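1. okay, here's the prediction I keep looking at, along with the sequence it came from:
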Amino acid sequence: MKTIPQLVLLLCVTFATSSGFAQDSILLNRSGRGSTILGRITETSKTDITVSVSGDPQKVAANEIKRLNLASEPGGLRSARNSVLAGQFEQALDSLENIRGERSTSGIIKAEIAFYRAFCRAQVALRGSGDAKDAARELVEFLRENRESFHYYEAVEALGQLALATGEYEAAVRYYDELAKAPWPEYQLKARSLQAQALRADRKPQEALQRFDEVLSSSINDAQAARQKAIASAGKAACLAELGKTDEAIQLAEQIMASNDPTDADLFAPCYIALGTAYRKSGKTLDAALAYLHVDIIYFAERDAHAEALFYLSDLWTELKHPNRALEAKTMLRSRYGGTVWAKM
Amino acid sequence: MSNTPSRRIVIIILVGMTSLLSADDSVPVKFLEGLRERGYFDTAIDYLDRMQSDTRVSRDFKKSIRYQQGLILLEELQAIRDFKGREEQLNVAQERFEQFESEQPDHAYVPLSRTKRGNILVERAKLRLAKSNLPGTIEPTKNELQSEAVQLFQSAQEIFQANQKQLASRLQEIGSDVGNDAALLDERDKLRWDYVTVRQNIAMTYFETADALSEENEKKEMLGKAEKEFAEVADKYSRFAGGTTAKLYRGICLQQLGKLKEAVSEFKDLIDTPDKKDPFLRDIVTQAVRHTLECWIDPSMAYFDAAIEMGNQWLDQQMPHERQNSEWLGMQLQLAKVYKAKADAEGKNASELTAQARKNALVVARFPSQWQVPARDFLATLSGADANAASADSMLENVKTYQEAIDALKPIQSEHKLATATIRLLTNRLPTVSDPQARSDMQQKIEEAETTVVRVQPECAKLLRLALMLAAPETPAENLNQLRRELCYFYYLEEQYYDAVVLGEFLTRYYPTTTGAATAGKIALASLVKLYELEPANSQEIQGRILALATLVRNQWPGEPEAADALSLLINFSVTSGNIDAAEKYLAEIESDSPQVADSQLIVGQALWKEFTEKARPFEGQTIPPNLTGIRQRALRWLQKGIAGRKEAGPSGQSLVAMLAVAKHHIDQGEFDAAIQLLDDSQAGPHTLAKSNSPLIGSPLVAQNAFAMAIQAYVGMMAGSDNPKSLIDKTLQSLDGLSKYLGDTPDGRKALVSEYVRLAQTLKAQIQNAQPAKQRPLTKAFEMLLERAAESANDPAILGWVGESYSGLGTALRNTDGSLTSEGQAYSKKALDIFSRLLEEAGKPDADVPENYVPALQLRMASTLSDIGNYQKSADAFYEILKFKESQVHVQIAAAKNYQAWGDAGNADAYLKAMSGEHLIPNARRNLVWGWGRLSQLLGRNKQYRELFHEARLNLGVCRYRYALTQTGEKQRSSLQKAKQDLILTSRLYPDLGGAIQKEKYSQLLQSVQRALGESPTGFGK
């Protein structure tokens, strides 16, 4: 026989489950109590969504949303979202392709499908498997059709990445300008940092350096800002190297690496790129190759940095009289990052 | 390369070492692993040198740097082939280990470092032995080298034994009970590991020393020591890999000591291990099988049959990836030797046994391994060519200068050319020879030429390599490049594809103007394509290399045939990866007079055609969107160009498929003449070739499609033809041809009937859509076709189709009141004749009509009887069918329709039967033939049958209404009221009434009922 507390628990569970089926659920970027909101999404904008919780409207900022599940959304959309969170964009696209009766879905579900489809195509293109320009067109189309989507800034950032990958640096800077208009400080910092990276890629190290310094001098000091600043420092080191201040660059990169966890690929990959640039500029061919090889062997998941490292490695190996290794690097660059400027240079 | 125990030890120690280092060193450790995995050993050494002064690595890491460098140098040794290079590498490695031991005397790795120095001495000893075994090494030098080897082995043994003592004493100090002291436990485990390793080294060194001793007694004594050591390791550590290896080597020692039975017993223990999935164990077992076979062909045993059985049994368990594995190749060569030994010993079936020996040895001779040369030598003994082989060896030994190498090369190359030409010529001629003796002679000559090729090819490669090595600095580059080109070719033939790629790519990149460089580029590309097929795991990387090299070849020799080859490859890969736009761009670059252009055009055209057909599928029967017609146009342009381009060279499988695609397009567009022109082209038409059973029709599918399309085109032409008879003749001939290709199998017959049915549907559609003036000749043509088919076919499936077609023709010809015209009746009667013929046939004991045709025939018969107005017979026929199985809904519906049609023909009571059925089942309170009423009740229960339900419900209303009209007074009124109530009730229960069309029918019926009742015809409006 069930005890009273067991029955209460059972009723709670039943209630929670049944209401979960009928309502939209929004999982927030925090843990513990209040990390999930159940209700009905009534409105969306670039910066937030409005959820009707038991009749009361509640606003949730877009940057706080980890993911959401919409009531009566197709299973394919849910699987796609899970695949995106796991970084499996091709699989997500497959799930989206298998959604049936898309035309009869409601506005927000349709917008979600359109966003994930465009976003995944962008990520696949960034991995070198699709056409970056087509992917960008699809994202632009998504933004045109869904001006008030809470995915607005994610889409803008992806557009910036695509522009950067295809060598359209000015366009990338413009997209990151738009990203900087987001009302959240961490987005603004990230946008400046990304702009600086685009400027560096555009061979404008002086301007890039100024943007990185802007990030570094920001008065915001929370955990996310600290991370953006660390990444900006690595970028700054690369700019210094390109401006010929090689000793300063090496010192800065080594300092960053000495005080951070080496499993942080976001940070270490640009540091090794900075070291590679500095050694290359100072004519230390083997040291440069060793620095770039760290990206190739350990931090190869950082796609931009890996493509750059492979590009320089193919030259450095030739200088070091290893033509086969040069060919290996070039082949890998072309096969994995065929769509990037590095492969086309 | 085989994973020898010593190599395994290097790897195990490297892996083990990483666990000893601090977590802070994870980046350098991982980085070093990456460098080693890629074979960047020199860079790894340089990196470690730099780490000496790097502040980011721990002190522990720095202390071990010299030791790590020593290990990497030993690992690199595996890739160094020449004696001098190996000696130098061993010197540097030894220096690093000595430096390490003197700088860090108390380091935990010191025992391992000593073991490594012992291993270096073993390697040096082996080098001496290898040198002593080189052909041409004279006796005093040979003895000197062997004695040096023995001394080196002994020095190594001293190191190992000293190490063993130290390890044993430290292990004794620690004792077996270490309590909870984790550090001590860790140290003890490592020491135990080192202890097993050193004992293995001791045993292995005894074993290898025996090889260096020339005195039989000394050799036996040393083997005895090795056997004892291996036995102890095998017994004590039987659960470990080391124990298994020791068991194998114990067996080998016993074998070499002549104790064959004991040896076989050891090997059998390994062979009988139950679960042999582990790759390491499979290698050991393969070696055990090889050694068992060696023992069993010894004259003292001579167990040939058992050996053959064991060898073949184990070969049967070979996995695809093991085919080129050295251990397996060694075993297979031994199996070949067993066959030969049996042939020599027994004399019986000698030629068959020798053929088996040759077959197995040829496999081994094909793949690079340590067994390749012995396999070739063995093959030479099979054909009595050992004298040639011996002379070739001695010739190679005498080559001392570049010119001597070139001179020696010429006759061997000629021999190779002659043998390859013989193989080509005789292989082409063989299919045309029917005399068995002549065929057998020819086959023997081919085998002899193959043996010559197998023997001579590696000699050519050796001499070419020798010539390149012996060339003086002033040798003209052009001459050297010529040798490189030839060596590239021989590497390709020897399936040493990576080597072929390196040479071919070198010439392509750096000497594009040299003679034959373009051919070398082509060979390199062909080698990469082979590697792409052989190494699916590396396909992505290899594809990248193919694209890079093909692009280089294209750029180096624009407009040349090699560039066209490269472009063809680029086109192929672009098409495979779905990038047809890129393929079209490459295609535009190939010179239009190049022979490759047509095939590439066909590839691109077919890829576009496939894209078009896939994208156009959803628009079947509708207008195709303009973007798709664009793709179709591009596809057709390339296909037509390709077909025209292939015309001179003759048709190929690809061009035939292309022609079928274009013919299909013509048929879809109604351009039947154009389709026939293509299909019946006298030289290359797929239909022409299929009719003449040409071997050019590679796939039966091509022939089937050719016939099917020709049939469609002929039938299509009938509408506009003044002489349909000749077209019918051709159609029937093609149907015969198709029937032959499909074969007399159930599937073949089924496919043929589908073709007949498709043909009938096409004709029926043509008749329906034709201008009235054309309808009659078309119907006549169709009738003729049916008559011919009925006459010529005995196949029940075809006859069934003929009957079905007659029935279809009949029901298509109706008067305005829906009844069949007289012609329609005539066709339906012909259908009835055929159905009865078939049913009659089915009743015979040796009937050709499959049993499962009978119910379908009965149903068609019953329906056709209804069509011609013979309602009673039809009703009886339905009753017979339903008696057999009542629950056939489609039969019940057809039976109800028959009653309804009977009612419409003036039999009012038939409406009642249509509504309520007939033939009461005793005690069941229902009729066997259900009628619309019961049908609607039963169908209404299941959503899946909603459409049929509405059909039944509506017809129930229709019958009720029409029956009412045959009545008068109150009976009529009550019947009409019932009809009205039924319809209104249906609309309340099922508001959508089965969709707009069905709803309209219900509404019109209700309005008729309302009018008959004298009410306003509002339908469901009120």
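-> Yep, that arrived. Given the structure is predicted, the values throughout are model-derived calculations rather than measurements.
2. now the strands for the chain?
-> Since no chain was named, I'll use chain A. Taking DSSP state E as the test, the strands found in chain A are A:24-28, A:36-44, A:48-53, A:56-61, A:65-69.
3. hmm, no, I was thinking of chain B.
-> Under DSSP E, chain B gives strands at B:918-921, B:926-929.
4. which one of the ones you listed lies closest to chain A?
-> strand B:926-929 (41.2 Å; Cβ to the nearest Cβ). Backbone N, C-alpha and C define where each C-beta goes, glycine included.
5. helices or strands up against the closest one?
-> helix B:871-884, helix B:889-904, strand B:918-921 (3 or more Cβ pairs under 8 Å, 6 or more residues apart in numbering or on different chains; DSSP states H and E).
6. re the thing from before, now render the strands of chain B as a markdown table, adding mean neighbour count and mean pLDDT.
-> A markdown table is the format used below for the strands of chain B (neighbours: other Cβ atoms under 10 Å in any protein chain shown; pLDDT from 0 to 100):
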| stretch | mean neighbour count | mean pLDDT |
| --- | --- | --- |
| strand B:918-921 | 14 | 89 |
| strand B:926-929 | 18 | 90 |
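7. ok, the nearest residue to residue B:122 once chain neighbours are set aside - contacts?
-> In space, and not counting its chain neighbours, residue B:122 is closest to residue B:156: 4.8 Å by Cβ to Cβ, 6 or more residues apart in numbering or on different chains. By Cβ atoms under 8 Å, 6 or more residues apart in numbering or on different chains, the residues touching residue B:156 are B:118, B:119, B:121, B:122, B:125, B:201, B:205.
8. pull the most distant pair out of these.
-> Checked with Cβ to Cβ, these reach their widest spread between B:125 and B:201, with 12.7 Å between them.
9. now do residue A:187, the pLDDT please.
-> The score at residue A:187 is 90. That number is its pLDDT.
10. returning to that earlier point: take the strands of chain B and write them to TSV, including distance to residue A:69.
-> Conversion of the strands of chain B to TSV gives the following (distance: least, Cβ to Cβ, whole Å):
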stretch	distance to residue A:69
strand B:918-921	56
strand B:926-929	52
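11. tell me which of these sits nearest to residue B:641.
-> strand B:926-929 (64.4 Å).
12. so what touches the closest one?
-> For strand B:926-929, using Cβ under 8 Å, 6+ apart, the contacting residues are B:875, B:878-879, B:882-883, B:886, B:892, B:895-896, B:913, B:916-921, B:934.
13. re earlier: ranking the helices and strands packed on strand B:926-929 by burial, who's on top?
-> helix B:889-904 (a mean of 22; mean count of other Cβ atoms under 10 Å in any protein chain shown).
14. can you name every helix or strand that that one contacts?
-> By 3+ Cβ pairs under 8 Å, 6+ apart, helix B:889-904 packs against helix B:854-867, helix B:871-884, helix B:908-916, strand B:926-929, helix B:931-940, helix B:946-966.
15. and those, which one's lowest on average pLDDT?
-> For these, where the average pLDDT is lowest is helix B:854-867, sitting at a mean of 86.
16. mind listing what's buried in that helix?
-> Buried residues in helix B:854-867, defined by neighbour count with 16 or more other Cβ atoms under 10 Å in any protein chain shown: B:854, B:857, B:858, B:859, B:860, B:861, B:862, B:863, B:864, B:865, B:866, B:867.
17. could you dump these to CSV with distance to chain A?
-> As requested, those are exported to CSV (distance: Cβ to the nearest Cβ, whole Å):
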residue, distance to chain A
B:854, 41
B:857, 40
B:858, 41
B:859, 36
B:860, 38
B:861, 43
B:862, 41
B:863, 38
B:864, 42
B:865, 45
B:866, 41
B:867, 41
